[in-house]
Each structure stands twice: as structure tokens, then as C-alpha cells.
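J.: coords please:
(one chain, ligands or ions: 2)
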Amino acid sequence: IKKVTSKTLQDMKSRGEKISMLTAYDYSMARIFDDAGIDAILVGDSAANVMAGFETTLPITLDHMIYHTQSVARAVKRSMVIADLPFGTYQGDSKQALASAVRMMKESGAHALKLEGGAEITDAVKRLINTGIPVMGHLGLTPQSIYKFGSYEVRAKEAQEAATLLENALLLEEAGCFAITLEKIPAALGKEVASKLHIPVIGIGAGRYVDGQVLVMHDMLGISKDFAPRFLRRYLHLYEEIKNATANYITDIKKQDFPGDREQY
Ligand code: KIV
Ligand code: NA
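T.: Residues are numbered from 1 along each chain as shown. Ligands and ions are numbered 1, 2, ... in the order given. Next up is the predicted model:
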């Protein structure tokens, strides 16, 4: 099997093939996604929300992220595994960022790391890349800064914020990032950034003109029930399916249908 690398993703952009990416946090799901042919798996710090039930991504630790990433990496044969560095583990200075990144790379089996931010983190980004660690940027809605922004609304609708985002995207490319994630911005801005950058731009709520798409697996599979932003397409409604299956299981136990004659020793 030919493994997906940053070079593979770059080649895909060059020939206009869209890049597919999904989050995963555990072995079993990562195995299915990899088997289905997903190009990249993001071990997102959205694990804080969907795995741990926190309201924001701030509480998740580097140790938690290493655990999730190890689980995913053990399952994957072909996909590129990209792990988020969590809040507070890289914003101090480039030394702190390198220490966190090196721990993640040594212990987790990640192939690359994702960091949120623009100009304020380019020193850290350069230091990681100089050390040999591929880095993906993340601009637009950056959930680690949610208390600064105050809401999960669409970002960069105004010209000033859009110009700053484009500037930051160019800075990240110049710093050596192999790709950038753009979250929840107007499609026209996604298009502009993707056309001005040579590296792949992966969108979530950034429209169809970027170079690839990523969704949180719980949203794509309909496991999360109340989260329904416009950008989301659900491919299953697993919340209902799992709830119904569980109700059937309970019923079968109560009426002593399960286990049946052929389900016991
Ligand atoms: O943590 C995450 O799942 C992410 C994606 C939404 C891009 O960063
Ligand atoms: Na994230």
C-alpha cells in the first residue's frame, strides 16, 4: 500500500483531485475510514467535545491527544495521520512548541501536526518544520480562541478580517506549512485563499472551491444530534440508529429473548 504523505496531497492539488479528510480519535473508527480510502485522518482536539463532553476544546491535554493519536495510528495503513496540538502547548514560544511537538511525534505515531493561528505562531511553525515535522495551519474559526471571539459564528465576512486571513495564510505557506485548514468562512474567501496558495487548503464550512474537505466524524455520521450548522452534510443518522438498537437490546433482555438457545453454552 502506498502511504499518503504531504507530497501526495500536494500532487492532488496540482492535478485538481479533491482531498478527503475526517476526524477520528480511536482505533476502530480509524480502521474503517482508512479501509474506505480516506486520504487523511485528523486526530482533532474536537476530541475534547465529542469524546470527553467538554464545551470547548481548551481542556484537552497533550497526554490525552497522544493517547487518541496512538489509537488512530495503530489502525492506519494508508491515510496520513495529522494530530492537533492542544491549547496552551505551543503558543508560549517556539521552544515550548517544539517540546510539545517532539513529544507528540515520538510517542503518538502522527505523521504531521496541526496548529491554530497565523503570524503569532510562524516562529513555532518554522522551528517545527526545521526539525522535520510537517505542519498544517488552521485559520478562520479557531476554536482554541473561542473566548476571544465570543461565538462560533462565520468568520472573516468583513473585508478587514478577510484580508488578515489571506495575509496569515500566505505567511503560513511561506513558513513552510504543507497545508492549511480553513474553518467556517465565506466560500468566496475560501476560493481566493486556495487559488493564491500553492499548498492544499482543506475546508470545513469554507465552501466547495478549496482543495479538500474535512468533517468531524460524529457530525458526518449523525452521532452528534443537536449540532446542525449549514455546512454539515450527514451521511448517516447514527444517533437514532444506535438509540433504537439499544432500546431493542434492552427489550430483548427484559423479555428474556436474549440470549436465545443458540447464543449460550
Ligand atoms: O479538531 C478538529 O476536529 C478540527 C477540525 C474541525 C478541522 O480542528
Ligand atoms: Na481542532
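
J.: Please, where are all the strands along the chain?
T.: Secondary structure of the chain by DSSP state E: the strands cover 19-23, 40-43, 80-84, 112-114, 135-140, 179-183, 201-204, 212-215.

J.: The fourth one pairs with which strands?
T.: For strand 112-114, sheet partners with direction are given as strand 80-84 (parallel), strand 135-140 (parallel), following DSSP bridges.

J.: got the contact list for the shortest one?
T.: It refers to strand 80-84. Residues from elsewhere that reach strand 80-84, judged by C-beta atoms under 8 Å, 6 or more residues apart in numbering: 3-6, 8-9, 21, 39-45, 65, 68-69, 72-73, 104, 108-115, 136. Bear in mind the C-beta positions are built from the backbone N, C-alpha and C, glycine included.

J.: quick one: that strand to strand 19-23, angle?
T.: 50 degrees (axes from the mean of the first three to the mean of the last three C-alpha atoms, to 10 degrees).

J.: and if you look at the last one?
T.: Orientation note: strand 135-140 sits at an angle of 80 degrees relative to strand 19-23 (the same axes, to 10 degrees).

J.: before we move on, the earlier item: TSV for the strands paired with strand 112-114, including mean neighbour count, mean pLDDT and distance to K196?
T.: Formatted as TSV, the strands paired with strand 112-114 follow (neighbours: other C-beta atoms under 10 Å; pLDDT from 0 to 100; distance: least, C-beta to C-beta, whole Å):
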stretch	mean neighbour count	mean pLDDT	distance to K196
strand 80-84	27	99	22
strand 135-140	26	98	13
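
J.: out of the ones you listed, nearest to H218?
T.: The closest of those to H218 is strand 80-84. By C-beta to C-beta, the value is 15.5 Å.

J.: could you pull out the helices for this protein?
T.: For the chain, the helices defined by DSSP state H occupy 6-15, 27-36, 47-50, 62-73, 94-108, 122-131, 146-149, 159-175, 187-196, 217-220, 238-254.

J.: What residues sit buried inside the fifth one?
T.: By neighbour count with 16 or more other C-beta atoms under 10 Å, helix 94-108 contains the buried residues S94, A97, L98, S100, A101, R103, M104, M105, S108.

J.: could you pick out which of those are near ligand 2?
T.: Applying C-beta under 5 Å from the ion to the buried residues of helix 94-108, one finds that nothing falls near ligand 2.

J.: show me the contacts for the residue in the chain that ligand 1 sits nearest to.
T.: The nearest approach of the chain to ligand 1 comes at G44, 2.3 Å away (C-beta to the nearest ligand atom). Applying C-beta under 8 Å, 6+ apart, one finds that G44 lies in contact with T23, Y25, D84, K114, V216.

J.: Near ligand 2, which residues of this structure are found?
T.: So the chain meets ligand 2 at G44, D45, D84 (C-beta under 5 Å from the ion).

J.: try 6 Å
T.: Residues of the chain lying close to ligand 2 (C-beta under 6 Å from the ion) are G44, D45, S46, D84.

J.: Between all of those, which two are separated the most?
T.: S46 and D84 (8.0 Å).

J.: on that earlier part again, which of the contacts of strand 80-84 are buried, as a ChimeraX select command?
T.: In ChimeraX, a selection of the buried entries from the contacts of strand 80-84 looks like this (16+ other C-beta under 10 Å):
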select :4,6,8,9,21,39,40,41,42,43,44,45,65,68,69,72,73,104,108,109,110,111,112,113,114,115,136
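
J.: Right, I'll call it a day here.
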